[in-house]
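**Q** Below is the structure, and that's it, no one-letter string:
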């Protein structure tokens, strides 16, 4: 009654001398009590509705993640799903580092090759990326996964995906066929579970802090949905990227893993570049050679001091006749 009753009723209760905790039994207050109770119920209903709207956002994300997880758990062949995830990540990275259609000078083949070699043991040089892009300029681009890519980007995606598939076929040739399915399933599930737990903590932090957006005349629910969508999109990208990172780092036995490592490329050599990003010209010296030659030249040109008179000790009288020691006069 104090919060949801009218001011008229509050003054009436004070005039009647009602004390704290005393039962309200006066017939004039029955209608006011019903209206206050109705307002309380409406207020609590709005709170529950708001909470449900926030929970629906998290529930939709939970359905997507658990659907993906159940697909891996109950699927018969996880290898095909692994390769599909690998292709999706490769397409995203190719699009990131090759954001133009025909201007190869604006591409970033070095960064793309570094990412590929960091995640997949195929020893891919950057020259092969440009070669694949140049050879696939006229190829048609199918729809579905490769929609929006240029023919050159599509050729690079095919080249990298085929190289990774060949490397994975080499890897599974040394594995135990009975344990390989469980290893592949564990690779996917471990990435999902670890990143999903971190995502839950991040969503809880967002839920408790999003109410401050109301001070900026913004609807916290709309802001929460927008931020949650961005965070969940990053989660899916991180899950697929970690799966690709762990495909070749899991094995059914240590012997199989060591045997596979003996049959993969050991290193990849990049084309040499100068400090300004251009390839060195024929006959151009290295920076270290330039530094050493300059140091030798300076040592040759520097005049060497010569003593013309007798040698004077530090504590001997100064030859200038000042009466002071040499170290305190001319030898200072």
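**A** Yep, it's here. Being a predicted model, the structure only gives us computed values, none of them experimental.
**Q** What is the least confident helix or strand in the chain?
**A** helix 287-301 (a mean of 49; mean pLDDT, DSSP states H and E).
**Q** okay, now the domains of this structure?
**A** Domain assignment for the chain by automatic domain parsing gives 7-52, 75-261.
**Q** out of the ones you listed, deepest packed?
**A** Among those, domain 75-261 has the highest mean neighbour count (mean count of other Cβ atoms under 10 Å), at a mean of 16. Using the backbone N, CA and C atoms, a C-beta is placed for each residue, glycine as well.
**Q** Endpoints of it, how far apart?
**A** The straight-line separation of the ends of domain 75-261 (Cα to Cα, to the nearest Å) is 29 Å.
**Q** What mean pLDDT does it get?
**A** Across domain 75-261, pLDDT averages out at 84.
**Q** Pull the distance from it to the chain's centre.
**A** 12 Å (Cα atoms, centre = their mean, to the nearest Å).
**Q** Make 16 the starting number, not 1.
**A** In the new numbering, first residue 16, that becomes domain 90-276.
**Q** Tell me the helices and strands packed up against the helix or strand residue 148 falls within.
**A** Assigned by DSSP states H and E, residue 148 belongs to helix 141-150. The contact analysis (3 or more Cβ pairs under 8 Å, 6 or more residues apart in numbering; DSSP states H and E) places helix 141-150 against helix 124-134, helix 166-187.
**Q** can you redo those as a markdown table with distance to residue 102?
**A** Shown next, in a markdown table, are those (distance: least, Cβ to Cβ, whole Å):
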| stretch | distance to residue 102 |
| --- | --- |
| helix 124-134 | 13 |
| helix 166-187 | 5 |
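**Q** which stretch among these comes nearest residue 266?
**A** Closest to residue 266 of the helices and strands packed on helix 141-150, according to Cβ to Cβ: helix 166-187, at 7.8 Å.
**Q** Which SSE is immediately downstream of the closest one?
**A** Helix 166-187 is succeeded, C-terminally, by helix 192-224 (DSSP H and E).
**Q** list the helices and strands that next one packs on?
**A** For helix 192-224, the packing partners by 3+ Cβ pairs under 8 Å, 6+ apart come out as helix 45-89, helix 93-112, helix 235-262.
**Q** Relative to residue 271, which of these is closest?
**A** Closest to residue 271 of the helices and strands packed on helix 192-224 is helix 235-262 (Cβ to Cβ; 14.1 Å).
**Q** Quick check: next helix or strand after that closest one?
**A** Past helix 235-262, further along toward the C-terminus, the next helix or strand under DSSP H and E is helix 269-276.
**Q** for residue 45, what are its contacts?
**A** By Cβ atoms under 8 Å, 6 or more residues apart in numbering, the contact set of residue 45 is empty.
**Q** Sorry, wrong one. I was asking about residue 196.
**A** By Cβ under 8 Å, 6+ apart, residue 196 lies in contact with 92, 93, 94.
**Q** and which of these is nearest residue 223?
**A** Among these, and counting by Cβ to Cβ, the member closest to residue 223 is residue 93, at 37.2 Å.
**Q** distance of the nearest residue to the closest one once chain neighbours are set aside from residue 102?
**A** Nearest residue to residue 93, sequence neighbours excluded (Cβ to Cβ, 6 or more residues apart in numbering): residue 199, at 4.4 Å. Between residue 199 and residue 102 the distance is 16 Å, computed by Cβ to Cβ, to the nearest Å.
**Q** what do you get for residue 71?
**A** For residue 71 relative to residue 102 (Cβ to Cβ), the value is 32 Å.
**Q** got it, and residue 248?
**A** Residue 248 sits 19 Å away from residue 102, going by Cβ to Cβ.
**Q** just residue 79 next, same as before
**A** 20 Å.
**Q** go on, residue 195?
**A** According to Cβ to Cβ, residue 195 stands 20 Å off from residue 102.
**Q** and what of residue 341?
**A** Going from residue 341 to residue 102 by Cβ to Cβ gives 82 Å.
**Q** Nothing else from me, thank you.
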